[in-house]
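> Sequence and predicted model, in that order:
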Amino acid sequence: MYQDFNQQFAAASRQFADTAAQVNRLALENAEKVFGLQLATFEENANAAFAFWGEIAEARDFDGLKAVLPKGVQVARENVERAVSTGQEVFGRTLKTNEAIAQIAKAQVESASANVQAKAEEAIKGAAKARK
């Protein structure tokens with residue numbers, strides 16, 4: 001009896017460890033992709049901002065500065081658009097990853113429920129045989 005319990009416990013522990021590894025892999029892959037997206041967006045925004053600041057530095061008079069300012073508004077707008085777009089993509093990727101993790105958890109719960117149900121039915125049949 002104890003050996004059966006130990007085997008069941010060992011099997012459940014192995015299954016839990018495999019599931020945890022799978023979930024961790026998904027979470028780390030998502031974090032890697034999200035970090036890469038955010039870093040790329042930051043790089044693009046920084047390059048655009050530094051290019052604009054370079055043009056401002058080259059302006060020698062007030063008219064040159066007035067000519068550059070509309071580009072500054074354009075750069076700021078594009079930076080905000082990139083940041084919002086990246087935020088939406090990060091949210092979408094994270095949502096998909098969380099759905100995948102939820103599916104894994106659901107499968108594990110269903111599997112555990114089926115195992116418990118089978119063991120309960122087995123115990124009921126054994127008890128019924130013992131009464132006869």
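That came in fine, so what should we check first? Numbering: from 1, shown residues only.

> CA only for contacts and neighbour counts going forward, please
Will do.

> Stretch 14-25: which residues count as buried?
Going by neighbour count (16 or more other CA atoms under 10 Å), the buried part of stretch 14-25 is 19, 23.

> longest helix in this structure, by residue count?
helix 62-131 (DSSP state H).

> Could you say which helix or strand holds residue 60?
Under DSSP states H and E, no helix or strand contains residue 60.

> Find the residue ranges of this structure scoring beneath the pLDDT cut-off.
Confidence mapping of the chain against pLDDT under 70 gives the ranges 1-2, 5, 132.

> residues in contact with the residue nearest to residue 55 when sequence neighbours are not counted?
Leaving aside its sequence neighbours, residue 55 sits nearest to residue 68 (CA to CA, 6 or more residues apart in numbering; 7.0 Å). Each residue near residue 68 by CA atoms under 8 Å, 6 or more residues apart in numbering is listed here: 55, 56, 59.
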